[in-house]
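Participant: fold the stuff below for me.
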Amino acid sequence: MKAMDVDCSMPSRRLGRTGFDVGVLGLGGHTYPVGNGAGFFRSPEDRARLVRYLINSGLNYFDTTWLEEVELLADSFRRSAIEKEVLVSLQYVDALSDARWREKLREEIETRLLAMGYSQAPLFLMGMGNGAVPYGELVDACVSMARLKEEGLIRNIGLSCHQTSLFGMIGRLIKESDLIDFMMIRFNWKHRQADEELFPIAAEHAVGIVGMKVFCWDCGPCQWDRRISVFERNMGISASVDIDITPAQRNLLWCIRNSPCSVVVPAMNTMREAKENVDALRLINCDFDTADFETYANRLWDRRELEQLALNAESGTIRARAKILLGARGSLGHSRKLRISRMFSSIADKIR
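Facilitator: Residues are numbered from 1 along each chain as shown. Sure thing, here's the model as predicted:
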């Protein structure tokens, strides 16, 4: 497979040693919302229009996780009659949380290849899961993928990790084995741990980097219900029409400019989100302020903010998720925890 051609309107970067050139903005997975009510899902036609718009805007990288997302993306490609060559990353989600990953690995790959109509996975990730991962298990997983790479089932192998506590282990793996070609890592304004050691090691070994959780800062192990952008619109408050660049756009640009990620992959479920993200790229070389980001750092831990999102968020999906957080034990009456969290965030910023 040749390197991807990227529309000149979207900046591109080389994805490490994979040989692929990718636009700096990709489409993330996790398009499936909570609940089954009206307005909770985009129609297949709407999803296809969104995918077609992104591809025509120069986007060529697609992240997928669960098999249903792979099938949805394949359906969108068919409906959109996509002619441009694109790059799809496939993943065995939470693989290392599954005690049977060894016997299931081949099937996980082959079912995704079948859904996409591929004979080889251009990019394949093993998810590191939600718990402790012994170093030997991590090595075994990468060796197993390497064997399938030699067999021709996979072209480039990688790891996906939300747990910042495991970044040191990944760095060790890269230095000691040099097995992986790329990785998808949690990185955003609030959680910058990958920048401390992992990113420099990856650069030394030409390991490609995909950035995730760009907007959903707190979404990770034990916090999956917080799959809500901290910049989610409150439709009950009138927004100024004079804003040249929104906080969400500034956040996207901050992530692109302040990390060695070749591509960042936020989920986009509305045309408004897609157009806003694409439009932000025209300002990629401009200076902008992030002083107000502190006000968003604990938004999803604030009862009043969650109440507003539960009532006035743009989509039924987000309203439902906010209601779940409101009803979850520990989400209410924790103003002391909020103050402590803000204090530590302030201290961390001063240290940086």
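
Participant: quickly find the element holding the nearest residue to residue 140 once chain neighbours are set aside.
Facilitator: By the measure of CB to CB, 6 or more residues apart in numbering, the closest residue to residue 140 outside its immediate chain neighbours is residue 102, 7.8 Å from it. Where you see a C-beta, it was placed from the backbone N, CA and C, and this is true even at glycine. Remark: residue 102 resides in helix 101-116, with elements defined by DSSP states H and E.

Participant: what does that helix rub up against?
Facilitator: 64, 67, 70-71, 73-74, 88, 90, 92, 95, 98, 119-121, 124, 126, 140-141, 144-145, 148, 153-154 (CB atoms under 8 Å, 6 or more residues apart in numbering).

Participant: swap in 7 Å and give it another go.
Facilitator: Helix 101-116 is touched from outside by 67, 70-71, 74, 88, 90, 92, 95, 98, 119, 121, 124, 141, 144, 148, 153-154, with contacts defined as CB atoms under 7 Å, 6 or more residues apart in numbering.

Participant: so after the strand or helix carrying residue 53, what's the next helix or strand?
Facilitator: When elements are assigned from DSSP H and E, residue 53 belongs to helix 44-56. Once the chain leaves helix 44-56, the next helix or strand it forms, by DSSP H and E, is strand 61-63.

Participant: hmm, who's touching that following strand?
Facilitator: Residues contacting strand 61-63 (CB under 7 Å, 6+ apart): 22-23, 26-29, 73, 86-89, 184, 210, 263, 265.

Participant: quick check: mean pLDDT across that strand?
Facilitator: For strand 61-63, mean pLDDT is 97.

Participant: return the distance of that strand from the chain's centre.
Facilitator: Distance, stretch centre to chain centre, for strand 61-63: 10 Å (CA atoms, centre = their mean, to the nearest Å).

Participant: please apply the same query to stretch 148-159.
Facilitator: With CA atoms, centre = their mean, you get 22 Å for stretch 148-159.

Participant: low pLDDT regions in the stretch 101-250 of the chain?
Facilitator: Within the stretch 101-250 of the chain, the stretches with pLDDT under 70 are 237-243.

Participant: again, only using 90
Facilitator: 131, 220-225, 233-244 (pLDDT under 90).

Participant: okay, now the closest residue to residue 227 other than its chain neighbours: neighbour count?
Facilitator: With CB to CB, 6+ apart as the criterion, residue 227 has its nearest non-adjacent residue at 4.7 Å, and that residue is residue 219. Neighbour count for residue 219, taken as other CB atoms under 10 Å: 21.

Participant: quick one: residue 219 and residue 229 touch, right?
Facilitator: No. Residue 219 is beyond contact range of residue 229, at 9.4 Å (criterion: CB atoms under 7 Å).

Participant: all strands for the stretch 101-250 of the chain, in order.
Facilitator: In the stretch 101-250 of the chain, the segments counted as strands under DSSP state E, counting those that start in this stretch are 123-127, 157-161, 182-186, 208-212.

Participant: contact partners of the third one?
Facilitator: When you say that, I think you mean strand 182-186. Applying CB under 7 Å, 6+ apart, the set of residues contacting strand 182-186 is 15-16, 18, 63, 123, 125, 156, 158-162, 164, 170, 194, 198, 202, 207-213, 220.
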